[in-house]
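Quick one: sequence plus predicted model below, questions after.
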Amino acid sequence: MTCITSFIAAVPTANRDAFIRHAALAAEAFHDHGLASALEGWGEDMQAGDGPSFHGSVLATADETVVFSFYRWPDTATQDAAMRTAMADPRIDPATNPMPFDGKRVIWGHFEPVLELGAPQPGGFFDGFVIPVPRTARAEFEAFGRFCDPIFMEHGAVWIAECWETHVPDGKLTDFRRAVAARPDEAIVFSWVQWPDRAARDAGNARIYADPRFDARTCPFDMTRMIVGGFVPVVQT
């Protein structure tokens, strides 16, 4: 089964070019060890407010930009093998390809796709979501996605994926669970929606919010703890 590894990091905004070089080299190396595809998204439209947020998820400061990334592997075995062998690759070794950000605040986890519509397109604009969902409500969440996601496609989205956690480790400073104040009985869902560009995304979301089909639909998770952000791809393989 396909394995998706997702990352969120806080990168000094001044290090944007250095981050792109670092991430492109790393993706190239992981491709040689079995990676199917990679996307690194640079934050451009972050959810505001006092609740959970992408910035809060990685303790980002005012001079940092949030990066939301995901790697797609053919299966978990390929991912596990790559993690054992790729670390010796100089394109990944921090001594030769140092991280231009604080690695201690990176959060990551492994996920499996439970619903996917459309197909990835070059470029575009992405909305990323991290959602706490009761573990007992997986079937309800999948049904919710089967109802909602086709409506997003009707309004201009080109690719949507909903991914359920398979391994989300606890971190020392930050992690996916703390990002959305997840309870022990909740799983983490990582989702993305790709649009042709930001203008199409803004217009599409405006139509979605006004779509009456959502009015009577019950949401199977606490939307107040969902985090949302808009990202432009800076590395895409």
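Nice, thanks for sending it over. Numbers count the residues shown, from 1 in each chain.

Alpha carbons only: can I get stretch 140-147 in CSV?
Taking C-alpha atoms only, stretch 140-147 is exported to CSV below (Å, rounded to 0.1, in the frame of the first residue of the first chain):
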residue,chain,number,x,y,z
GLU,A,140,-17.7,8.4,8.8
PHE,A,141,-14.7,10.5,7.8
GLU,A,142,-14.3,8.6,4.5
ALA,A,143,-18.0,9.0,3.8
PHE,A,144,-17.6,12.7,4.5
GLY,A,145,-14.7,12.9,2.0
ARG,A,146,-16.7,11.0,-0.6
PHE,A,147,-19.4,13.6,-0.2
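
could we number from 419 for the rest of this?
Sure, I'll start counting at 419 from here, so that last one is stretch 558-565.

List the buried residues in that stretch.
By neighbour count on 16 or more other C-beta atoms under 10 Å, the buried set for stretch 558-565 is 559-560, 562-563. All C-beta spots, glycine's among them, are computed from the backbone N, C-alpha and C.

do the same with stretch 536-545
Applying 16+ other C-beta under 10 Å to stretch 536-545 flags 538, 542-545 as buried.

tell me the average confidence for that stretch?
In this model, stretch 536-545 has a mean pLDDT of 96.

what does it rub up against?
Here stretch 536-545 makes contact (C-beta atoms under 8 Å, 6 or more residues apart in numbering) with 455, 457, 459, 462, 486, 571, 575-578, 610-616, 618-619, 623, 646-651, 654.

For ChimeraX, write a command that selects the buried ones of these.
Here is the ChimeraX command that selects the buried residues among the contacts of stretch 536-545 (16+ other C-beta under 10 Å):
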select :457,459,486,571,575,576,577,578,610,611,612,613,616,618,619,623,646,647,648,649,650,651,654
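
In what element of secondary structure is Ala599 found?
For Ala599, there is no helix or strand it lies in under DSSP states H and E.
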